[in-house]
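[1] fold the following, please.
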Amino acid sequence: MDRKTINKHQRDFADQVQGERGDLGRRPEWLKVKLPTGKNYVEVRNLMRNNKLNTVCEEARCPNLAECWNHRTATFMILGDTCTRSCGFCNIKVGLPTELDLDEPRRVAEAVNNLQLRHVVITSVNRDELQDGGASIFSELNRLIRQTTPDCTIEILIPDFKGMEDAFEIIMQNPPDILNHNLETVPRLYHAVRPQAKYQRSLDLINWFHHRGLKTKSGIMVGIGETKEEVVELMKDLVAHHCDILTIGQYLQPTGNHLPVHRFVTPDEFAFYKTEGLKLGFKIVESAPLVRSSYHADQQARMVTIAQ
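    Next up, the predicted model:
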């Protein structure tokens, strides 16, 4: 890792992981991804370029990009392309963000309509310098999508807004169909993986939106240093805080400047997490090596809205 770009906790953790794991060797077969192709994929990609829109699909190098785009599902990243937090796993640029783009909701809503998306996921960078953390942009975008593409279900993957309930209330002025907020990892690893976040604060956020009537969702990575027992405890915490949907996928190091992979989790272990999660009370669990937060999001939206 580039020691100039990480904090002491992240540097120490990276050294520990590299000392424990030895040589991982080549990626196993179950982590190999086909190159993106398909008519819908090309159409979505071109529209993103023409409208100067950011997608987390591309920024995070998602392995399921082509599959989602070909199913008319896309994840837009709003509030710019620069994040105020330095999470050890994330490939989004870190720094001081530029001025807020107030026209962004209109452009994204227009793209959703032009593509006739069946389901859209809206996520963002962290904007801790803003008074509402960017909640008003989320809310306005939800309103515009409802207005222009009413048949499209909406999922928003939000930051924690530093736990500010005023920001949560702004979101609820134009609520989504699904409220997603990722825990990302087990609490023991927060100091390295999510150094500016708080595990309990994230759980409380999910619980707050549940009690306001929304379907809730969260996601984690595995293979970054957690134990199997810690994952089960995390799942119990999420169920206790009324999380409906859980996604679990393999952590893959985006660049040499990020936290290293601790281990490659086997498909059998992912299957165990799915079985265990459903036993604990999640309505839906997506657990497989290449699962990411938005994977099969359109199917999940249909399942939980039909169940209402």
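[2] this protein: helices as residue ranges?
    Ranges of helices within the chain are 8-21, 39-50, 56-59, 65-70, 104-115, 135-148, 165-173, 190-193, 199-211, 228-240, 267-280, 297-306, based on DSSP state H.
[3] what residues does the first one touch?
    For helix 8-21, the surrounding residues in contact (CB atoms under 8 Å, 6 or more residues apart in numbering) are 1, 3, 6, 86, 88, 189, 191-192, 195, 225, 259-263. Yep, even glycine has a C-beta here, placed from its N, CA and C like the rest.
[4] show me what counts as buried in that helix.
    In terms of neighbour count (16 or more other CB atoms under 10 Å), helix 8-21 has its buried residues at 10-11, 13-14, 17-18.
[5] for residue 158, state which of the residues you listed is nearest.
    Ranked by distance to residue 158 (CB to CB), the buried residues of helix 8-21 are led by residue 10 at 23.8 Å.
[6] distance-wise, check the closest one relative to residue 190.
    Using CB to CB, to the nearest Å, we find residue 10 at a distance of 11 Å from residue 190.
[7] so where's the stretch 201-308 of the chain shaky on pLDDT?
    294-308 (pLDDT under 70).
[8] determine the number of other residues adjacent to residue 29.
    Using other CB atoms under 10 Å, residue 29 has 6 neighbouring residues.
[9] burial measure for residue 165, as a count.
    Neighbour tally, residue 165, other CB under 10 Å: 11.
[10] do you know the pLDDT at it?
    Looking at residue 165, its pLDDT reads 97.
[11] list the contacts of it.
    residue 208.
[12] that one and residue 204: what is the separation?
    From residue 165 to residue 204 the distance is 10 Å (CB to CB).
[13] longest strand of this structure?
    For the chain, the strand with the greatest residue count under DSSP state E is strand 215-222.
[14] off-centre distance for that strand?
    8 Å (CA atoms, centre = their mean, to the nearest Å).
[15] what helices or strands is it leaning on?
    strand 178-180, helix 199-211, helix 228-240, strand 245-250, helix 267-280, helix 297-306 (3 or more CB pairs under 8 Å, 6 or more residues apart in numbering; DSSP states H and E).
[16] let's see 7 Å
    strand 178-180, helix 199-211, helix 228-240, strand 245-250 (3 or more CB pairs under 7 Å, 6 or more residues apart in numbering; DSSP states H and E).
[17] buried residues in it?
    Here strand 215-222 shows 215-222 as buried, counting by 16+ other CB under 10 Å.
[18] between those, which sits nearest residue 75?
    residue 219 (12.2 Å).
[19] got a list of what the closest one touches?
    182, 246-247, 293 (CB atoms under 7 Å, 6 or more residues apart in numbering).
[20] possible to save those as JSON lines with neighbour count and distance to residue 285?
    Output for these, formatted as JSON lines (neighbours: other CB atoms under 10 Å; distance: CB to CB, whole Å):
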{"residue": "182", "neighbour count": "21", "distance to residue 285": "14"}
{"residue": "246", "neighbour count": "27", "distance to residue 285": "5"}
{"residue": "247", "neighbour count": "24", "distance to residue 285": "8"}
{"residue": "293", "neighbour count": "26", "distance to residue 285": "13"}
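[21] could you dump the residues you listed to JSON lines with distance to residue 281?
    Shown next, in JSON lines, are those (distance: CB to CB, whole Å):
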{"residue": "182", "distance to residue 281": "19"}
{"residue": "246", "distance to residue 281": "10"}
{"residue": "247", "distance to residue 281": "16"}
{"residue": "293", "distance to residue 281": "20"}
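[22] what's the closest of those residues to residue 286?
    Nearest member of the contacts of residue 219 to residue 286, counting by CB to CB, is residue 247, at 4.6 Å.
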